[in-house]
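Participant: sequence? don't have it. structure:
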C-alpha cells in the first residue's frame with residue numbers, strides 16, 4: 001500500500017506489518033512464557049527453550065497466477081482459526097486432534113504440529129447452529145454439526161434417522177444420542193435406533209447428555225435425570241436452586257462443570273452433589289477424568305481440582321475465546337486467532353514456528369520472520385540469508401504519545417496516537433472506533449481531528465498517501481495532516497431506495513466499507529455496500545437489526561449485501577472516476593432481478609505508481625483494476641479463505657497476500 005504503518009516498541013524501534021506484528025509478538029511471548037504458578041505438580045518454572053536454526057518451509061505452489069506466474073507459499077500456519085465475534089467459536093479435542101467450528105466452516109487440526117488436515121462446509125449455504133451443535137465422539141471418529149453426522153475426517157454419513165437434535169455420543173463412542181421430545185440411542189455401525197429411552201417428565205432445555213452402556217444421564221437447565229437401560233421412566237438425580245446456563249460433561253460421564261448466573265460449579269454425577277468452584281465464568285472446561293476444571297478469570301486462566309484447590313494459573317495475551325482439555329494435563333485455548341496448547345506440568349507447548357511475512361526488504365526480496373529469526377528471502381531464487389528488522393526513520397521532535405509512524409513515498413512523515421489500517425469485519429469488534437485522532441508532522445506540529453461515529457461498524461481513521469481519512473458508514477472526509485484543513489467531503493455510493501423508504505428502513509441505505517489512498521494522495525479507492533432485499537417469504541422488509549445480521553451472514557431468504565467499488569480522483573477537486581459492482585464470478589440472479597454480489601470485506605491496496613488498485617474478497621479472490629477503468633483486468637484466486645492483507649513490493653513487481661486462515665502467498669503482479 002502507499003504508506004507503511006509502523007508501531008514503536010519500548011526500545012524506540014519500529015516494526016513494519018500491521019497485521020503480522022501483534023500476532024508475532026503474541027507467539028513469541030507465549031513461546032517464552034514459563035513463569036506461571038504450577039503447584040502441584042511442579043512449582044518450578046520450566047526452562048526457556050533455546051531457539052533453533054530455521055529450516056526452509058517456503059515452497060512453490062502448484063497453483064499459478066492467471067498470467068502464469070510462480071506463486072510462493074510461506075510456511076503452513078499452525079492452529080490458525082477464523083473466529084467471528086458475532087458468530088462465536090467452538091472446539092473439541094479427541095484422539096490427538098482438534099475439531100473446530102468457526103464462522104461457517106468446521107476444521108480438523110492435528111495436535112502434534114498444529115497443521116490443518118480437513119475442512120467441511122455444511123450443505124446449506126448457512127447454518128445457524130454450526131457452533132452450538134458441534135459434537136465429537138471421545139475417539140474422534142464421529143463428528144456432528146448442523147444436523148449432519150460425519151465420519152472423521154468429514155465424510156458425510158447417509159442419514160438413516162434425523163440427526164438434527166443429536167446431543168452427544170455414548171462414552172464408548174458406539175452410539176449417537178438424539179434428544180428432543182424423547183431420547184433415542186442410535187447404533188453408529190448400523191445407523192439404526194437400538195433403544196428409545198422414556199420421555200422426560202416435563203419439557204426443559206437440554207444442556208448435555210451421555211450414556212455409559214448401563215444408564216443415560218440427561219442434564220437440563222434445572223435438573224439432572226437418569227434412566228437405566230430398559231427403564232420406563234426417568235429418575236431425578238439432582239436439582240439446581242438456580243438454573244444452569246451452560247454445561248460441559250467429562251468424557252467419562254462421571255462429572256460435569258456448569259454455570260449459573262452467579263457461580264461455576266462441579267457436578268459429581270456419582271454422588272449427586274455439587275460444589276461451587278468459582279464465580280460464574282462464560283469460558284470453562286472440565287478434564288476427561290472430571291477432576292480438573294479450567295476457567296477464565298480476568299487476565300488469566302485458572303485450573304482447579306474438583307475440591308477447588310488451584311493447580312495452575314496461565315497468563316493470557318488476548319481475550320480467550322474458548323478453553324478445553326486435550327487430556328487430563330493439557331489445555332487448549334483460543335488466543336486471538338490461534339489455538340494454543342499448555343501442559344500443566346511443563347508449561348506452554350512449543351509448536352514449530354512457520355515462516356511468516358514481515359515486510360518488504362527491497363524490490364525483489366522480502367523479510368521473513370520465523371520464530372525469533374529474521375531472514376531475507378530472494379523471491380526469484382527462494383534463497384534466504386540473515387536479515388535485521390527494518391528500522392523506521394527517527395522523527396525528531398515527535399511527541400511521546402505517538403505510537404504509529406507513517407512515511408509516504410515523498411519522504412513526508414506523520415506520527416499518530418493510533419495504529420491505523422483497515423480492520424476486516426470479523427475483527428472490528430475488538431477495535432472500537434476512537435472519536436479523536438492526534439497527529440504530528442515536522443512541518444505542522446500537533447493537530448487534532450474529531451470523528452462522530454454512526455454505528456459499531458465504522459472503519460474510522462486511516463492515514464495513507466499523506467492524507468488523513470475520517471470515515472463513517474455514510475461519508476468520507478479527507479484532511480491535510482500538516483495544515484489540518486479539510487480537503488474534501490465525499491458522498492460515496494447511491495441509495496437503493498427512495499427517500500421515503502430510506503427514512504422507514506434506514507438500514508437499507510448504503511454503508512461505506514473499506515478504502516485506500518494512492519501513495520501520493522491523488523486517488524481514493526473504496527467500496528460500499530447496500531442491501532439487495534428480496535423477501536419471498538415475508539410481506540415486509542426486516543427490521544434494521546435483523547437485516548444487518550441477515551446481510552452479514554448472507555441468508556439469501558431475506559437479503560443479499562451488494563458491494564460496489566469506486567475510484568475517485570482527488571486533484572484538483574474530488575471527482576468519481578468510476579463505480580462498478582464487485583462481481584468477479586458468474587452471478588446468480590436474485591428474485592429482484594439483480595445478480596448477487598460476492599462478499600467483500602477485505603483490504604484494498606494501490607500499486608506504488610498509483611496506476612492500479614487491488615481489491616480483496618471473502619472468497620479469497622484478489623481483483624486487479626486500473627484506476628481509470630472499471631473493468632476487472634485480472635482475477636487471482638490464490639486463497640481459499642477471506643483475504644486479510646495485501647502489500648505490493650516497492651517497485652510493484654510482487655504482491656504479498658494473506659488470508660484469515662494464515663495462508664500467505666508471494667506472487668508476481670505482471671500487470672497488463
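Facilitator: All right, it came through fine. Bear in mind the structure is a predicted one, so any value in this text is a computation, not a measurement.
Participant: Helices of the protein, residue ranges please.
Facilitator: For the chain, the helices defined by DSSP state H cover 21-32, 499-504, 544-553.
Participant: between those helices, which gets the lowest average pLDDT?
Facilitator: Mean pLDDT per stretch puts helix 21-32 lowest among the helices of the chain, at a mean of 29.
Participant: Can you give the domain ranges for the chain?
Facilitator: Per automatic domain parsing, the domain ranges recorded for the chain read 395-490, 495-563+579-672.
Participant: which residues touch the residue of the chain most remote from its centre?
Facilitator: Distance to the chain centre peaks in the chain at residue 232, reaching 46.8 Å (criterion: C-alpha atoms, centre = their mean). Contact partners of residue 232, counting by C-beta atoms under 8 Å, 6 or more residues apart in numbering, are residue 198. In short, each C-beta sits where N, CA and C put it, glycine included.
Participant: Could you pull out the buried residues of stretch 641-652?
Facilitator: 641, 642, 643, 644, 645, 646, 647, 648, 649, 652 (16 or more other C-beta atoms under 10 Å).
Participant: Mean pLDDT lowest where, among the domains of the chain?
Facilitator: domain 495-563+579-672 (a mean of 70).
Participant: Quick one: residues contacting residue 339.
Facilitator: Here residue 339 is in contact with 79, 81, 91, 98, 100, 109, 114, 332, 333 (C-beta under 8 Å, 6+ apart).
Participant: CSV please, covering those and showing neighbour count and distance to residue 140.
Facilitator: Below are the contacts of residue 339 laid out as CSV (neighbours: other C-beta atoms under 10 Å; distance: C-beta to C-beta, whole Å):
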residue, neighbour count, distance to residue 140
79, 25, 17
81, 26, 18
91, 26, 13
98, 25, 10
100, 27, 13
109, 23, 12
114, 21, 16
332, 24, 14
333, 23, 19
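Participant: now, which of the residues you listed sits nearest residue 309?
Facilitator: residue 333 (20.9 Å; C-beta to C-beta).
Participant: Now flag whichever of the contacts of residue 339 is closest to residue 619.
Facilitator: Nearest member of those to residue 619, counting by C-beta to C-beta, is residue 81, at 18.2 Å.
Participant: Of the buried residues of stretch 641-652, which belong to strands?
Facilitator: Under the assignment DSSP state E, the buried residues of stretch 641-652 contribute 643, 644, 645, 646, 647, 648 to strands.
Participant: Please identify which pair of those residues lies farthest apart.
Facilitator: Longest span within these, C-beta to C-beta: 644 and 648, 15.6 Å.
Participant: Find the residue closest to residue 386 in space, skipping its chain neighbours.
Facilitator: residue 375 (6.4 Å; C-beta to C-beta, 6 or more residues apart in numbering).
Participant: neighbours around the one you found, how many?
Facilitator: 21 (other C-beta atoms under 10 Å).
Participant: Would you agree it is in contact with residue 366?
Facilitator: No: using C-beta atoms under 8 Å, residue 375 is not in contact with residue 366, being 9.1 Å away.
Participant: so how far is residue 385 from the residue nearest to residue 386?
Facilitator: According to C-beta to C-beta, to the nearest Å, residue 375 and residue 385 sit 7 Å apart.
Participant: show me what contacts residue 325?
Facilitator: Counting by C-beta under 8 Å, 6+ apart, residue 325 touches 93, 285, 286, 287, 288, 292, 294, 331, 332.
Participant: Please tell me how far it sits from residue 651.
Facilitator: From residue 325 over to residue 651 the distance is 51 Å, taken as C-beta to C-beta.
Participant: Likewise for residue 323?
Facilitator: According to C-beta to C-beta, residue 323 and residue 651 sit 46 Å apart.
Participant: Tell me the confidence at residue 322?
Facilitator: Note for residue 322: predicted pLDDT of 79.
Participant: Please report the distance of it from residue 619.
Facilitator: Residue 322 is 26 Å from residue 619, by C-beta to C-beta.
Participant: between those two, which one's more packed in?
Facilitator: residue 322 (22 against 17).
Participant: what's across from the residue nearest to the more buried one when sequence neighbours are not counted in the sheet?
Facilitator: The shortest distance from residue 322 to any non-neighbouring residue, by C-beta to C-beta, 6+ apart, is to residue 334 (4.7 Å). Beta-bridge partners for residue 334, by DSSP bridges, are residue 339.
Participant: burial measure for residue 334, as a count.
Facilitator: Other residues lying near residue 334 total 24 when counted by other C-beta under 10 Å.
Participant: these two touch, right, it and residue 80?
Facilitator: No: with contacts defined as C-beta under 8 Å, residue 334 does not count as touching residue 80, sitting 11.1 Å away.
Participant: where in the stretch 101-250 of the chain is pLDDT low?
Facilitator: Residues of the stretch 101-250 of the chain meeting the criterion pLDDT under 70: 103-104, 123-129, 203.
Participant: Take the ones in strands among the buried residues of stretch 641-652 and write them to CSV, including distance to residue 370.
Facilitator: Output for these, formatted as CSV (distance: C-beta to C-beta, whole Å):
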residue, distance to residue 370
643, 23
644, 20
645, 18
646, 22
647, 18
648, 23
